[in-house]
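Enquirer: this one's structure only:
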């Protein structure tokens, strides 16, 4: 008898989820499993928004951003009584295994669900913040970085034309990964992230000297988690450095866009390893990517640990920005 397996998306959406859904259906059927979609994340699990999936449901979605089956942040799933309802709904559909695209909060919720009700699951790290411990890469990050790159390149055109400083804010919560990588790969003159203490005064003399030597514009890439508002950074450029400044907050555009080739490929690999793990007695794990390979790690090693930025990236930050 064919076993049933479901997939859901939890938390913030990322480009790469739709390619993951497509391969989930294809790989499940290849392994003689019946694939199901859970719509709207854990909310859908509670409300029984669970339907069998087929090739028709995933045709033409590999190039689409976001997630066809929706996502949510569910407060109800934090309560035991609603988790019990979710289990009843899974039992009604005879679903024994669950693949979860999400972040550490989603994985902690599933860990509790597994311990209470024995629902086998595998988590796939999916967040543009790239802030999940235990994995060097999360689904959606490459697409987000390319969206940011396109925006910065466009802003550089107007910055150079008008001779201005632009302060560009990226997402990332308390993790500066997006800002750091974007600054390094765009040649920005300033990068500020939550992980590294900074004092704007240390840049004043250098920036003034650069203007005296002919510099016409500045690009400053800052993470949303820094201590100061981006408008304060722009004000500092105008009052202390002596150059007109503007602010660009990239916001949720960083989550959208056509998935890059890399994210489509990573979606394929993440899903394959997740399903293989579930079929080989990995019943409460997260599939992680490090040093070119995939491993299953326990929830304790992922969702309950603090993410640390790559030390080599931090060295590059120190070398380029003298922090």
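Expert: Nice, I can see it. In this text, all values refer to a predicted model and were calculated from it rather than measured experimentally.
Enquirer: just confirm residue 228 is within a helix.
Expert: No: per DSSP: H, G, I helix; E, B strand; the rest coil, residue 228 lies outside any helix segment and is coil.
Enquirer: the closest residue to residue 284 other than its chain neighbours in helix, strand or coil?
Expert: With Cβ to Cβ, 6 or more residues apart in numbering as the criterion, residue 284 has its nearest non-adjacent residue at 4.7 Å, and that residue is residue 114. For glycine as for every other residue, the C-beta is placed from the backbone atoms N, C-alpha and C. State at residue 114, reduced to three classes by three-state DSSP: helix.
Enquirer: and residue 114, how close does it get to residue 100?
Expert: Distance of residue 114 to residue 100, computed by Cβ to Cβ, to the nearest Å: 11 Å.
Enquirer: so after the host helix or strand of residue 124, what's the next helix or strand?
Expert: Using DSSP states H and E, residue 124 falls within strand 120-125. Helices and strands here follow DSSP H and E; after strand 120-125, the next one along the chain is helix 141-162.
Enquirer: for that next one, packing partners?
Expert: Judged by 3 or more Cβ pairs under 8 Å, 6 or more residues apart in numbering; DSSP states H and E, the packing partners of helix 141-162 are strand 165-170, helix 177-186, strand 218-223, helix 261-279.
Enquirer: so for residue 291, which of those sits nearest?
Expert: Closest to residue 291 of these, according to Cβ to Cβ: helix 261-279, at 14.1 Å.
Enquirer: list the buried residues in the closest one.
Expert: 263-264, 266-278 (16 or more other Cβ atoms under 10 Å).
Enquirer: so between residue 114 and residue 100, which is more surrounded?
Expert: residue 100 (27 against 17; other Cβ atoms under 10 Å).
Enquirer: tell me the secondary structure for the more buried one?
Expert: Quick answer, by three-state DSSP: residue 100 is strand.
Enquirer: quick check: it vs residue 144, distance?
Expert: 20 Å.
Enquirer: now the helices and strands packed on helix 141-162 in TSV, with distance to residue 198 and mean pLDDT?
Expert: What follows is these, written out as TSV (distance: least, Cβ to Cβ, whole Å; pLDDT from 0 to 100):
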stretch	distance to residue 198	mean pLDDT
strand 165-170	14	98
helix 177-186	12	96
strand 218-223	10	97
helix 261-279	31	98
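Enquirer: so which of those is nearest residue 47?
Expert: Using Cβ to Cβ, the nearest of the helices and strands packed on helix 141-162 to residue 47 is helix 261-279, at 24.2 Å.
Enquirer: one step back: and the angle for the strand holding residue 124 with helix 141-162?
Expert: Going by axes from the mean of the first three to the mean of the last three Cα atoms, to 10 degrees, strand 120-125 is angled at 20 degrees with respect to helix 141-162.
Enquirer: what helix or strand does the closest residue to residue 282 other than its chain neighbours sit in?
Expert: Computed as Cβ to Cβ, 6+ apart, the closest residue to residue 282 that is not its neighbour in sequence is residue 296, at 4.7 Å. Element membership of residue 296 [criterion: DSSP H and E] is strand 293-298.
Enquirer: give me the sheet partners of that strand and which way each runs.
Expert: Sheet pairing of strand 293-298 (DSSP bridges) gives strand 284-290 (antiparallel).
Enquirer: report the buried residues of the strand it pairs with.
Expert: 284, 285, 286, 287, 288, 289.
Enquirer: just give me the neighbour total for the residue nearest to the fifth one when sequence neighbours are not counted.
Expert: Right, the one you point to is residue 288. Leaving aside its chain neighbours, residue 288 sits nearest to residue 135 (3.7 Å; criterion: Cβ to Cβ, 6+ apart). Applying other Cβ under 10 Å, we find 22 residues neighbouring residue 135.
Enquirer: with residue 2 as the reference, measure out to residue 135.
Expert: For residue 135, the distance to residue 2 - Cβ to Cβ - is 31 Å.
Enquirer: kindly report the same for residue 224.
Expert: Taking Cβ to Cβ, one finds residue 224 at 46 Å from residue 2.
Enquirer: relative to the whole chain's centre, how far out is the helix or strand hosting residue 86?
Expert: Assessed by DSSP H and E, residue 86 sits inside helix 80-92. The chain centre lies 28 Å from the centre of helix 80-92; the measure is Cα atoms, centre = their mean, to the nearest Å.
Enquirer: before we move on, what about stretch 144-154?
Expert: 16 Å.
Enquirer: buried residues in it, which are they?
Expert: Neighbour-count burial for stretch 144-154, counted by 16+ other Cβ under 10 Å, picks out 144, 145, 146, 147, 148, 151, 152.
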